[in-house]
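Participant: Provide a 3D model corresponding to the input given below.
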Amino acid sequence: MSRSDFLDLDLPSQCESLAGEVNKVYQHLPWAVKNEAVSRLKRQIHELSEQVHKSKASTSALKTQRHLKEALGLAHECVPLMSLCLKKNLLSDELHDRWIKRLGAIQLQLEDWLKGAGGR
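Facilitator: Next up, the predicted model:
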């Protein structure tokens, strides 16, 4: 797959969509937003989206790799946060499963993009 193929995946939109869904779920639950796991999840998922945008906009291979590695780390950190929210009844089983599935797909695409960019 060429670099343009990775860019055609529109990974930034996928990340934005997931971040938007996380925000939407918790925007009317002020008691949940006060929970540290929810706050961290929201911060991490938005930072993930930001790093993916920076990766796509980058004109330097090294910067692209750095942003992709940061995004991958953030994606990995979101998984246990989602599980913690589930455990604390701050997230339904259905949403947990859907978000984990979407995050898994994003992680695979990030890994493929990083390999294509010469990292790893």
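Participant: What number of residues are in the vicinity of residue 27?
Facilitator: Applying other CB atoms under 10 Å, we find 11 other residues in the vicinity of residue 27. No exception for glycine: its C-beta is placed from N, CA and C like everyone else's.
Participant: residues touching it, list them.
Facilitator: With contact set as CB atoms under 8 Å, 6 or more residues apart in numbering, residue 27 has no partners.
Participant: Show me where the protein dips below the pLDDT cut-off.
Facilitator: Per-residue confidence for the chain (pLDDT under 70) gives these ranges: 1-9, 119-120.
Participant: could you show me where the helices are in the chain, in order?
Facilitator: Listed in chain order, the helices of the chain (DSSP state H) span 3-8, 11-26, 30-33, 36-57, 61-87, 93-116.
Participant: Mean neighbour count added to those, as CSV?
Facilitator: What follows is those, written out as CSV (neighbours: other CB atoms under 10 Å):
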stretch, mean neighbour count
helix 3-8, 12
helix 11-26, 17
helix 30-33, 12
helix 36-57, 19
helix 61-87, 18
helix 93-116, 16
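Participant: distance of residue 50 from residue 70?
Facilitator: 9 Å (CB to CB, to the nearest Å).
Participant: And residue 20, by the same measure?
Facilitator: Residue 20 sits 20 Å away from residue 70, taking CB to CB as the criterion.
Participant: Kindly report the same for residue 51.
Facilitator: Distance of residue 51 to residue 70, given as CB to CB: 5 Å.
Participant: for residue 76, same thing?
Facilitator: The gap separating residue 76 from residue 70 is 11 Å, by CB to CB.
Participant: same thing with residue 114?
Facilitator: Residue 114 is 11 Å from residue 70, where distance means CB to CB.
Participant: Over to residue 12?
Facilitator: Distance, residue 12 to residue 70, using CB to CB: 14 Å.
Participant: Pull the contacting residues for residue 93.
Facilitator: For residue 93, counting by CB under 8 Å, 6+ apart, the contacting residues are residue 86.
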